[in-house]
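# Show me the folded form of this:
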Amino acid sequence: MPGFEDLRKLTYTMQVIQEGMRLYPPGFAIGRQPIAEDEILGVKIPTNAIMFISIAAMHRDPRYWERPKDFYPEHFSPEQEKERPRLAYMPFGAGPRMCIGNHFALMEMQLLLALLVRQFDFEAVEGHPIVPEPLITLKPKFGILMKVKERKVELA
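Below you'll find the model as predicted:
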């Protein structure tokens with residue numbers, strides 16, 4: 001049974017989670033307001049304008065991702081992470097408004113994923129539409145239907 005002490009060993013499990021959040025970040029966009037007039041790519045930004053930054057678009061930008069549209073957990077290998085700018089990946093936001101529960105959420109996801117894939121096989125229900133719906137967080141509009149089959153594995 002995976003436990004807290006196993007988290008450091010679950011490196012590929014973490015890469016899978018990070019890649020899932022790269023393609024479908026929980027916070028798909030963030031709003032910000034500049035404190036002073038600025039210019040971005042030749043566009044003047046007035047003080048107190050409301051700007052939205054698309055995390056989802058940044059997470060699929062080919063300047064930062066080798067295979068931007070593919071599920072490719074190797075995007076989060078130590079070698080590839082070193083080559084990428086720090087804020088090219090920010091599923092929980094960044095700075096003082098970053099999600100306060102991000103570390104707990106990652107820990108929980110790692111342990112649950114490791115436990116679940118050890119005990120069950122999952123298969124998406126064919127024909128069921130999976131449509132991202134951007135609300136406050138990104139969610140599947142019609143849910144995700146899965147067939148779950150228990151594995152015959154003895155747990156120590």
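# Now the residue most central in space within the chain: closest residue in space that isn't a chain neighbour?
Residue closest to the mean C-alpha point of the chain, counted by C-alpha atoms, centre = their mean, is residue 21 at 1.2 Å. In this structure, residue 21 finds its nearest non-sequential neighbour in residue 91, 3.9 Å apart by C-beta to C-beta, 6 or more residues apart in numbering. In short, each C-beta sits where N, CA and C put it, glycine included.
# what's the answer for residue 115, then?
residue 2 (5.9 Å).
# how about the one you found, secondary structure?
coil (DSSP: H, G, I helix; E, B strand; the rest coil).
# sorry, back to before: and the residue nearest to residue 21, what does it touch?
Contact partners of residue 91, counting by C-beta atoms under 8 Å, 6 or more residues apart in numbering, are 18, 21, 22, 25, 26, 27, 55, 59.
# Count the residues that sit near the last one.
In other words, residue 59. Each residue near residue 59 was counted by other C-beta atoms under 10 Å, and the total is 22.
# returning to that earlier point: quick check: the two most widely separated of the contacts of residue 91?
Farthest pair in the contacts of residue 91 (C-beta to C-beta) is 18 and 27. Separation: 14.6 Å.
# so where's the chain shaky on pLDDT?
153-156 (pLDDT under 70).
# Tell me the helix or strand right after the host helix or strand of residue 53.
Per DSSP states H and E, residue 53 falls inside strand 51-54. Downstream of strand 51-54, the next assigned helix or strand under DSSP H and E is helix 55-58.
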